[in-house]
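[1] Task: produce atomic coordinates for the following.
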Amino acid sequence: MQLLKSVDKVVKFALEEDIGAGDLTASLLSADSHSKTRVITREEAIVCGTAWFDSVFQQLDKNVKVEWLVKDGDLVQAEQELCRLEGLTRPILTGERAALNFLQTLSATATSAYRYSQILEGTSTKLLDTRKTIPGLREAQKYAIKMGGGHNHRIGLFDGILLKENHIAAAGSITNAVIEAKKRYPEIPVEVEVEGMEELQQAIEAGADIIMLDNFSNEQMKVAVTLTAGRSKLEASGGYDNESLRAAAETGVDFISVGALTKHVQAVDLSMRFID
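    Now for the predicted structure:
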């Protein structure tokens, strides 16, 4: 999967940040000390981040063996064992925090996507992420969204066009902005953010492929769905949470984008323990 291509690079940076010139505490232990450990979750979650976890130990000591009892995308329960490790004690302890950081953060992202996706079950609306991601973890969190049942919006500024208020103002009008975008990048879908019905009509007439309804009420979105009549895809945006999501989907919009999926995550409670 394309979103996994940066795993080793991101892990390398995380290890350099954490270890620096060396792990002083681990150096107190015998160099030939050997250990077995296991990782458990303290809460229900969608597992995500196994590749990042594995890469931590591969970069520290290729002989550390990680045996996974679950895989990315699995729903696990509190106190469930996720994996076991066996190898030299020093690299296991050195990598513990970095490995758990990746696993707990990406599992939290996937779990968030899963819970929101469950709310949308039975509707035709797709859950989208945003670019409101943790710096350095863009691809990782986008991957986690997919593991949780969500869908990716554009990965970055390089793979999609989203004309927002300031882009439109600089171009002079929605029509000018859309025409220029389609002329320069005919193969890329053009999305336009609108803040009212007049702008919606302009975006439809300009030929926008996707229209983002910014902070529209549910009643306004119902009108927008009728007015658009399938000529453009509609994306709802505006701080949706688990209480407002379902009602928004029932207006008939094609997508709902939720920044909270990646920016409001609370790490899953994981624990690594030595096995006697």
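[2] those strands in the protein, which residues are they?
    34-41, 45-46, 65-68, 75-76, 81-88, 126-128, 161-163, 190-194, 210-214, 233-237, 255-257, 270-274 (DSSP state E).
[3] ends of stretch 130-142, how far apart?
    In stretch 130-142, first residue to last residue: 9 Å (CA to CA, to the nearest Å).
[4] if you average pLDDT over it, what comes out?
    For stretch 130-142, mean pLDDT rounds to 97.
[5] repeat for stretch 108-123
    97.
[6] which parts of that stretch are buried?
    Neighbour-count burial for stretch 108-123, counted by 16 or more other CB atoms under 10 Å, picks out 108-117, 119-120, 123. Where C-beta positions appear, they are placed from N, C-alpha and C, glycine not excepted.
[7] Dump the residues you listed to TSV, plus distance to D61.
    Listed next are the buried residues of stretch 108-123 as TSV, based on distance: CB to CB, whole Å:
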residue	distance to D61
A108	27
T109	28
A110	27
T111	30
S112	33
A113	33
Y114	33
R115	36
Y116	38
S117	37
I119	43
L120	43
T123	48
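[8] Could you tell me which of those belong to helices?
    A108, T109, A110, T111, S112, A113, Y114, R115, Y116, S117, I119, L120 (DSSP state H).
[9] need the contact list for T111.
    Neighbour list for T111: E44, A45, I46, G148, V268 [criterion: CB atoms under 8 Å, 6 or more residues apart in numbering].
[10] Kindly recompute the last result at 7 Å.
    With contact set as CB atoms under 7 Å, 6 or more residues apart in numbering, T111 has these partners: A45, I46, G148, V268.
[11] and the gap between it and I119?
    13 Å (CB to CB, to the nearest Å).
[12] and if you look at I161?
    With CB to CB as the criterion, I161 and I119 are 29 Å apart.
[13] go on, L103?
    25 Å.
[14] Quick one: residues in contact with stretch 207-217.
    So stretch 207-217 is in contact with 178, 189-195, 200, 203, 221, 224, 232-238, going by CB under 7 Å, 6+ apart.
[15] Report the buried members of those residues.
    Applying 16+ other CB under 10 Å to the contacts of stretch 207-217 flags 178, 189-194, 200, 203, 221, 224, 232-238 as buried.
[16] Give the full set of residues in contact with the nearest residue to I155 once chain neighbours are set aside.
    Leaving aside its sequence neighbours, I155 sits nearest to K142 (CB to CB, 6 or more residues apart in numbering; 6.1 Å). By CB under 7 Å, 6+ apart, the residues touching K142 are L3, D129, N152, I155.
[17] okay if I get the residues you listed as TSV plus distance to F274?
    Converted to TSV, the contacts of K142 look like this (distance: CB to CB, whole Å):
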residue	distance to F274
L3	33
D129	37
N152	38
I155	39
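[18] Tell me the most packed of these, by neighbour count.
    D129 (29 neighbours; other CB atoms under 10 Å).
[19] Wait, it touches I145, no?
    Yes. Using CB atoms under 7 Å, D129 is in contact with I145, at 4.5 Å.
[20] What backbone torsions are found at C48?
    According to degrees, to the nearest 10, the main-chain angles of C48 amount to phi -160, psi 140.
[21] Enumerate every residue touching the closest residue in space to it that isn't next to it in sequence.
    Once flanking residues are discounted, C48 sits nearest to A110: 3.8 Å by CB to CB, 6+ apart. Each residue near A110 by CB under 7 Å, 6+ apart is listed here: I46, C48, A144, M147, G148.
[22] which pair in these spans the largest distance?
    Among the contacts of A110, the pair separated by the greatest distance (CB to CB) is I46 and A144, at 8.3 Å.
[23] Looking only at neighbour counts, state which of the two leads.
    Of the pair I46 and A144, A144 is the one with more neighbours under other CB under 10 Å, namely 33 against 25.
[24] how much space between the more buried one and L103?
    According to CB to CB, A144 and L103 sit 11 Å apart.
[25] Extract the C-alpha trace of stretch 151-160 and format it as CSV.
    These are the backbone C-alpha positions of stretch 151-160, laid out as CSV (Å, rounded to 0.1, in the frame of the first residue of the first chain):
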residue,chain,number,x,y,z
HIS,A,151,-11.8,7.0,3.5
ASN,A,152,-9.0,9.3,2.5
HIS,A,153,-9.4,12.8,1.2
ARG,A,154,-6.4,14.1,-0.6
ILE,A,155,-3.1,13.1,1.0
GLY,A,156,-1.5,16.5,0.6
LEU,A,157,-1.5,19.6,-1.5
PHE,A,158,0.1,17.6,-4.4
ASP,A,159,-2.6,15.1,-5.2
GLY,A,160,-5.9,17.1,-5.1
